[in-house]
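Peer 1: sequence and computational prediction follow.
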There are 2 protein chains.
Amino acid sequence: MRRTRFDDAYCPVARTTDLLADWWTPLVLRQLFFGERRFAQLTQSLDISKATLSSRLKRLEAEGIVDKAQYEDRPPRFEYQLTEKGVALWDVVAAMWRFGDDWMFDRPAGAQVMLVDKATGEQIQPQTIDANTGQRLNLATTRVRLR
Amino acid sequence: MRRTRFDDAYCPVARTTDLLADWWTPLVLRQLFFGERRFAQLTQSLDISKATLSSRLKRLEAEGIVDKAQYEDRPPRFEYQLTEKGVALWDVVAAMWRFGDDWMFDRPAGAQVMLVDKATGEQIQPQTIDANTGQRLNLATTRVRLR
């Protein structure tokens, strides 16, 4: 009940929380970001039940995050392609990646996986900035106001 | 069971998901980011049960996201202060803010709340970049590899 109420709320964090705050959803997105599209492939790589995966993908489709397309007739098989809105979620999941890498592993090893540029092989380090100033965010000088 | 297994996994997204993927947790953090510290205040502004808030704060304390301190003896009352690790989570929640503002409201109005700089009043627009190049992230040229 509370979820429904908050979904209508003013806050962009509440709405995005309502979308992402299921344990599986960010992981389903992670697989989609890195090229997995097929239902069977996703169940296998995530070790997730078909029912759970199906409900998460239905939600993502309803929210306009993925488009569903049939790629085989008999038996009917489906794949899922990220929309523009879906690709925009990478900025959020990439910020999670950075935080996780910085804070959720024992240093100095860090996470055993890293993001790299396909062409150069250079490490990619997601960082959240203020687009208007180019500076890192500073909570101490930030407040919220009504638009 | 699956959660436990993934918590030990290689992936920084999986670990951060394990931390954030409860519907209340990002909202509790949002309140802490903007200066609420007291248990009673948090229950009121979030309209959350004491038991739920208490379990979320316990988890955040166990993860080193908040420090708990007693500020009154009789009756015993507690407040919660973000640690350095906790403040680092703002980058993630700010990326959620940006995505929500861009994609989860009807345009052109957008969210009814905005982030501004305390001193200048200018809008703050979180954006995720690659710290090594200063460029916006590009999923098409990104891959994952073992460290």
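Peer 2: Everything's here; your move. Residues are numbered from 1 along each chain as shown, chains lettered A, B, ... in the order given.
Peer 1: which helix or strand contains the closest residue to A:Leu46 other than its chain neighbours?
Peer 2: Residue nearest to A:Leu46 in three dimensions, not counting chain neighbours: A:Leu27, with 6.0 Å by CB to CB, 6 or more residues apart in numbering or on different chains. (Glycine included, C-beta is placed from N, CA and C.) Assigned by DSSP states H and E, A:Leu27 falls within helix A:25-33.
Peer 1: for that helix, name the packing helices and strands.
Peer 2: helix A:39-46, helix A:50-62, strand A:77-82, helix A:90-103, helix B:12-20 (3 or more CB pairs under 8 Å, 6 or more residues apart in numbering or on different chains; DSSP states H and E).
Peer 1: dump these into TSV; add mean pLDDT, distance to A:Thr133 and mean neighbour count as well.
Peer 2: TSV is the format used below for the helices and strands packed on helix A:25-33 (pLDDT from 0 to 100; distance: least, CB to CB, whole Å; neighbours: other CB atoms under 10 Å in any protein chain shown):
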stretch	mean pLDDT	distance to A:Thr133	mean neighbour count
helix A:39-46	92	39	15
helix A:50-62	96	33	15
strand A:77-82	94	30	16
helix A:90-103	95	18	25
helix B:12-20	88	26	24
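Peer 1: looking at these, which is nearest to B:Arg136?
Peer 2: Of all the helices and strands packed on helix A:25-33, it is helix A:90-103 that lies closest to B:Arg136, at 8.2 Å by CB to CB.
Peer 1: only C-alpha atoms, please: export stretch A:10-23 in CSV.
Peer 2: This file holds the C-alpha atoms of stretch A:10-23, laid out as CSV (Å, rounded to 0.1, in the frame of the first residue of the first chain):
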residue,chain,number,x,y,z
TYR,A,10,7.0,14.1,-5.9
CYS,A,11,10.4,12.6,-5.4
PRO,A,12,12.5,11.2,-8.3
VAL,A,13,14.3,8.9,-5.9
ALA,A,14,11.0,7.4,-4.7
ARG,A,15,10.0,6.7,-8.3
THR,A,16,13.3,5.1,-9.3
THR,A,17,13.3,3.1,-6.0
ASP,A,18,9.9,1.8,-6.9
LEU,A,19,11.4,0.6,-10.2
LEU,A,20,14.7,-0.8,-9.0
ALA,A,21,14.2,-1.9,-5.5
ASP,A,22,13.7,-5.5,-6.2
TRP,A,23,16.7,-7.6,-5.6
